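# build me a structure from this.
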Amino acid sequence: MTAWLLHDHLNGPLALGDDCEPLGALLPRRRPDLHGLTPHLYRIGKASLETLRAQAQNVSRRGMPPSVCALLWADVEADVLRDQLSRYCLAATPASRWMYCRYFDPRVMTHLRWILAQDQLHSLLGRISRWAFLDASSQWVEIDNEPQAPHWLRLTLDDTQTRRLNELPTLRACLQQWRAHDPQAPRDDREAGKRVAACLDHGQALGLRDLQDRVALALHELLIHPDIIRHPDIANAIALASGGAAYRHVTGNWPQARWETIQEQLTNRETT
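Here you go, the predicted structure:
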């Protein structure tokens, strides 16, 4: 099966072997202004696979933006694959005609596994049999797919999916803080991302309009207690935020002892 590389040249160069054939950048037809921003597609030989994997992991472990977007396996003509990958750079949204979707970025693809419905993900993969990328833990993740002719020309996102993608940088930052403070936090981005998103939704449902306030509440829910919004101190802080104060500022100066008391009271409530 033929192996392919998606290289984001904006994130740095790669040492490519003689068996790497350049096929050009992805070219979304409706947005020629994006042609200098999209990744480049290469057909690669087996000799280069391990070298590319090593380069990708070295970049990831240093916390740098990924230059290796993905390694792909697909038995398909180069122009057909390039056209498929180019078309999915644009997604239809309820609010606007087209949205630039950096699905090829591993920091996005790792979360598309739970943001998209299964039929959307299969349509995105189309003729690709396997898609491999590095997740936030610098571990290789592989998505297997039964190759098929794409039955959707482009992704069509609903309001929730559009919001998820727009808030993805914030979600990733929240997830990073969760993992930094909790060694038991899930390492799988699919499980962890879905949980962080649910916590962010709780803040929105409670009337927290400021995204950073929602992040603060989400981290309290993840790190202190899953039912933290039921504690009267937190309920009062949320009420103050609804009146114009910032939730993160109201709770930001609370001493550690107060948080420990809140956690203990909620835990005791569970056992009584």
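# would you list every one of the helices in the stretch 1-150 of the chain?
For the stretch 1-150 of the chain, the helices defined by DSSP state H, counting those that start in this stretch cover 46-61, 78-87, 106-115, 118-125.
# against which helices or strands is the longest one packed?
What it means is helix 46-61. The contact analysis (3 or more CB pairs under 8 Å, 6 or more residues apart in numbering; DSSP states H and E) places helix 46-61 against strand 3-7, strand 68-73, strand 130-134. Every C-beta, even on glycine, is put in place using the N, C-alpha and C of the backbone.
# so what are the domain limits for the chain?
Domain ranges of the chain: 3-157, 167-271, per automatic domain parsing.
# ends of the longest one, how far apart?
Distance between the boundary residues of domain 3-157 (CA to CA, to the nearest Å) amounts to 29 Å.
# how about stretch 71-78?
14 Å.
# can you put the domains of the chain in JSON lines and add mean pLDDT?
JSON lines is the format used below for these (pLDDT from 0 to 100):
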{"stretch": "domain 3-157", "mean pLDDT": "93"}
{"stretch": "domain 167-271", "mean pLDDT": "95"}
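# now tabulate those domains in JSON lines and tack on mean neighbour count.
JSON lines is the format used below for these (neighbours: other CB atoms under 10 Å):
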{"stretch": "domain 3-157", "mean neighbour count": "17"}
{"stretch": "domain 167-271", "mean neighbour count": "16"}
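# quick revisit: with distance to residue 221 added, can I get the helices of the stretch 1-150 of the chain in TSV?
TSV is the format used below for the helices of the stretch 1-150 of the chain (distance: least, CB to CB, whole Å):
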stretch	distance to residue 221
helix 46-61	28
helix 78-87	38
helix 106-115	18
helix 118-125	28
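# of these, give the one that comes closest to residue 164.
Closest of these to residue 164 is helix 106-115, at 4.8 Å (criterion: CB to CB).
# tell me what that closest one is packed against?
Counting contacts by 3+ CB pairs under 8 Å, 6+ apart, helix 106-115 packs against strand 68-73, helix 118-125, strand 130-134, helix 159-166, helix 168-181, helix 189-205.
# for the last one, name the packing helices and strands.
Under the contact criterion of 3+ CB pairs under 8 Å, 6+ apart, helix 189-205 touches helix 106-115, helix 168-181, helix 211-223.
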